[in-house]
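> I'll drop the sequence and a predicted model, then ask my questions.
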Amino acid sequence: MLRLIAQMPQLTSSETREDRMLHDTGRIKLTLDPEASAIVFDPDLRRAVSGEVPFYAEIDRAQAIMLERVGLIERGFIKKVIVELDRLQAEDFQSLAAVPSPRGSYLAYEDYLRSVIGKEASNLHLGRSRNDINATVLKLKLRKPYQELVGELLELLQVLCGLARAHLATTFPLHTHRQAALPSTLAHHLVAFAEAFSRDLDALLAVHPLLNQSCLGAGAGGGTTLPILPELTAKLLGFASSPVNSIDSVASRDLVLRLLAGSAVLGSNLSRVAETLLLWLGDAELASLPDELVGSSSAMPHKRNPFLLELVQGKSGAVVGSLVAAITGMHSTPFTNCAAVGTEAARHVEAGIDNVTRSVRIMKLCFSRLTVDQDAARAMLDRSFVNAMELATLLTVTTGLDFRSAHNEVGRSVTTAIEHGTSSLVAIMPIGGISDPEVSLSPDVIAKTARAGGGSAPETVTAALAELEDDVQRSNSILRELVAGWARAGKELQSAIDSLG
């Protein structure tokens, strides 16, 4: 008796057993338990009308055109469907907002269409399942975030390249272990940042063929015996290709993992560049940001806090959390449609992309308005013995002294110079065999003549810049073509609808 009571479905105070029996599927007599439904589904479609529902409608337009073309539904019915979908879209789907959603947004949306158009509205479901619909909706939803992320990253690269060209001859200290270490140039640093971000861009662009493959037609995972045309629905929705394997189409969400992995690596690079900027903006005051990109202290009147760069570090770190949550949610699940994968793991992708996109935007703002203090950079170079390695190298190649001995001798000279309150090694150390050591050991000369190994010499940096700019142009073309394809598909779908008469 106790066991039977425990198994009885619990009803809410506002819900009768008759209410729940209205959703009889034939096999399942009652709707999902209200407590479970509250955990899994929204109670109505208020949130879905700005999320999934517009994509359900777009898919239904393409599905209706395809099903009519293969003779599975009649043209007159399609017209009724299109009229209702157009009406819903015109009002931003608000008629659906309060519709109950006891078994998820798609079935609630379908029930609404059946109530308005007629029961035959469910015939739109021929040759498909929620499995392939949800997989397709995910890709449609990711188009805008993907476009924004790649577009923002391209703009950041353009800012960095433009700033680098303006500072090819700006001598600037290269730090190691947060200490001035070697002479370099500002352009040398900026191109280094851009090289890393360019690789991140390549990783993100490598995902676009997967993003651009439709899942519609894979059904529940077994495809269908109906003579449908998945390649037509793919074309009308702006996808470059249709499903290749029906199981893979509904089982896989590695698109999510690849986007989050690329975003996490990008976030790591953003955080490191942000830390480098914070070093430049710190006590050394090698650079500054304008008032509109810094914050004040509520207590300390003198402060100008570059807090935006700290936000970059926090937001870019959050992307790693999104990746870990997604990949853990998918780990060791069956290779078929699975709620743990398609719902729980995939839900983290939009937040992850949003965080890294915001981080890229902040970095773009900071670099586009960064002011470099060349006097401060010069002062740091002059006082920090950044020419010590060059002196040890010159001693080795001109006097026959082995490098380690030369290294130690120069190190002792640095100690002596500090004790004597000077930053000039030439004044402390007798240097034979080197013509005009004052010139040879000048930070400007070292920075301008370091050609090998991708060094700071202007011609070396310029060559790297040219390659970067070519890559940016190619990547821009890929993104423009991708977005143009999506736009063309929208026009083709509308043309197919108009041809119905």
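Structure's in. What do you need?
> Select the longest helix from this structure.
helix 458-498 (DSSP state H).
> and it, how far from the chain's centre?
From the chain centre to the centre of helix 458-498 is a distance of 17 Å (CA atoms, centre = their mean, to the nearest Å).
> For that helix, name the packing helices and strands.
helix 53-69, helix 130-166, helix 186-205, helix 230-236 (3 or more CB pairs under 8 Å, 6 or more residues apart in numbering; DSSP states H and E). Glycine gets a C-beta too; all of them are placed from N, C-alpha and C.
> Of all those, which one comes closest to G501?
Smallest distance to G501 across these (CB to CB): 11.8 Å, for helix 53-69.
> So which elements touch that closest one?
In terms of contacts (3+ CB pairs under 8 Å, 6+ apart), helix 53-69 is packed against helix 75-90, helix 105-117, helix 130-166, helix 230-236, helix 458-498.
> give me that answer again for 6 Å
For helix 53-69, the packing partners by 3 or more CB pairs under 6 Å, 6 or more residues apart in numbering; DSSP states H and E come out as helix 75-90, helix 230-236, helix 458-498.
> What's the first helix or strand after the shortest one?
The first helix or strand that comes after helix 230-236 along the chain, using DSSP states H and E, is helix 246-251.
> helix or strand right after that following helix?
Using DSSP H and E, the next helix or strand after helix 246-251 towards the C-terminus is helix 254-281.
> Give me the buried positions along that following helix.
Neighbour-count burial for helix 254-281, counted by 16 or more other CB atoms under 10 Å, picks out 254-271, 273-274, 276-277, 280-281.
> With mean pLDDT added, can I get the helices and strands packed on helix 458-498 in JSON lines?
Converted to JSON lines, the helices and strands packed on helix 458-498 look like this (pLDDT from 0 to 100):
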{"stretch": "helix 53-69", "mean pLDDT": "97"}
{"stretch": "helix 130-166", "mean pLDDT": "98"}
{"stretch": "helix 186-205", "mean pLDDT": "98"}
{"stretch": "helix 230-236", "mean pLDDT": "98"}
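> Quick one: the ones you listed as JSON lines, columns for distance to S405 too.
Shown next, in JSON lines, are the helices and strands packed on helix 458-498 (distance: least, CB to CB, whole Å):
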{"stretch": "helix 53-69", "distance to S405": "71"}
{"stretch": "helix 130-166", "distance to S405": "38"}
{"stretch": "helix 186-205", "distance to S405": "30"}
{"stretch": "helix 230-236", "distance to S405": "70"}
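> looking at those helices, which is closest to R480?
Among the helices and strands packed on helix 458-498, the nearest to R480 by CB to CB is helix 130-166 (9.8 Å).
> Kindly provide the distance from the residue lying closest to V81 once chain neighbours are set aside to S499.
Excluding its sequence neighbours, the residue lying closest to V81 (CB to CB, 6 or more residues apart in numbering) is A64, at 5.2 Å. Plainly put, A64 is 13 Å away from S499 if you go by CB to CB, to the nearest Å.
> and those two? which has more neighbours close in?
A64 (25 against 8; other CB atoms under 10 Å).
> if we can go back for a sec, which of the helices and strands packed on helix 53-69 sits most buried?
Burial of these is given as mean neighbour count (mean count of other CB atoms under 10 Å); helix 230-236 ranks first at a mean of 23.
> residues in contact with that helix?
Applying CB atoms under 6 Å, 6 or more residues apart in numbering, the external contacts of helix 230-236 come out as 62, 66, 214, 216-217, 242-243, 493.
> Relative to Y146, which of the residues you listed is nearest.
In terms of CB to CB, no member of the contacts of helix 230-236 lies closer to Y146 than S214, at 15.6 Å.
> my guess is the closest one contacts F239, does it?
Yes: between S214 and F239 there is a contact at 3.8 Å, judged by CB atoms under 6 Å.
> Could you name every residue contacting both of these two?
Common contact partners of S214 and F239 (CB under 6 Å, 6+ apart): none.
> So which of the helices and strands packed on helix 458-498 is nearest T393?
Among the helices and strands packed on helix 458-498, the nearest to T393 by CB to CB is helix 186-205 (18.5 Å).
> average pLDDT for the longest helix of the chain?
Helix 458-498 comes out with an average pLDDT of 97.
> what angle do that helix and helix 53-69 make?
If you take axes from the mean of the first three to the mean of the last three CA atoms, to 10 degrees, helix 458-498 sits at 60 degrees to helix 53-69.
> Helix 458-498 vs helix 130-166, what angle?
150 degrees.
> Read off the pLDDT value for the closest residue to V116 other than its chain neighbours.
In this structure, V116 finds its nearest non-sequential neighbour in E84, 5.7 Å apart by CB to CB, 6+ apart. At E84, the predicted lDDT confidence score is 96.
> Please report how far E84 lies from P334.
From E84 to P334 the distance is 37 Å (CB to CB).
> So M380 belongs to a helix, correct?
Yes: judged by DSSP: H, G, I helix; E, B strand; the rest coil, M380 forms part of a helix.
> And for it, the neighbour number?
19.
> pretty sure it is touching F172, no?
No: counting by CB under 6 Å, M380 does not reach F172; the two are 8.8 Å apart.
> Quick check: which of the helices and strands packed on helix 458-498 is nearest to A108?
Of all the helices and strands packed on helix 458-498, it is helix 53-69 that lies closest to A108, at 9.0 Å by CB to CB.
> Go through the closest one and flag the buried ones.
For helix 53-69, the neighbour count (16+ other CB under 10 Å) marks 53-68 as buried.
> From N476, how far out is the closest residue to L190 other than its chain neighbours?
The shortest distance from L190 to any non-neighbouring residue, by CB to CB, 6+ apart, is to A164 (4.0 Å). To N476, A164 is 18 Å away according to CB to CB.
> Then G282?
In this view, G282 and N476 are 35 Å apart by CB to CB.
> Likewise for F367?
18 Å.
> Over to V83?
On the measure of CB to CB, V83 and N476 end up 40 Å apart.
> Surely R130 touches S105?
No: taking contacts as CB under 6 Å, R130 lies outside contact range of S105: 9.8 Å.
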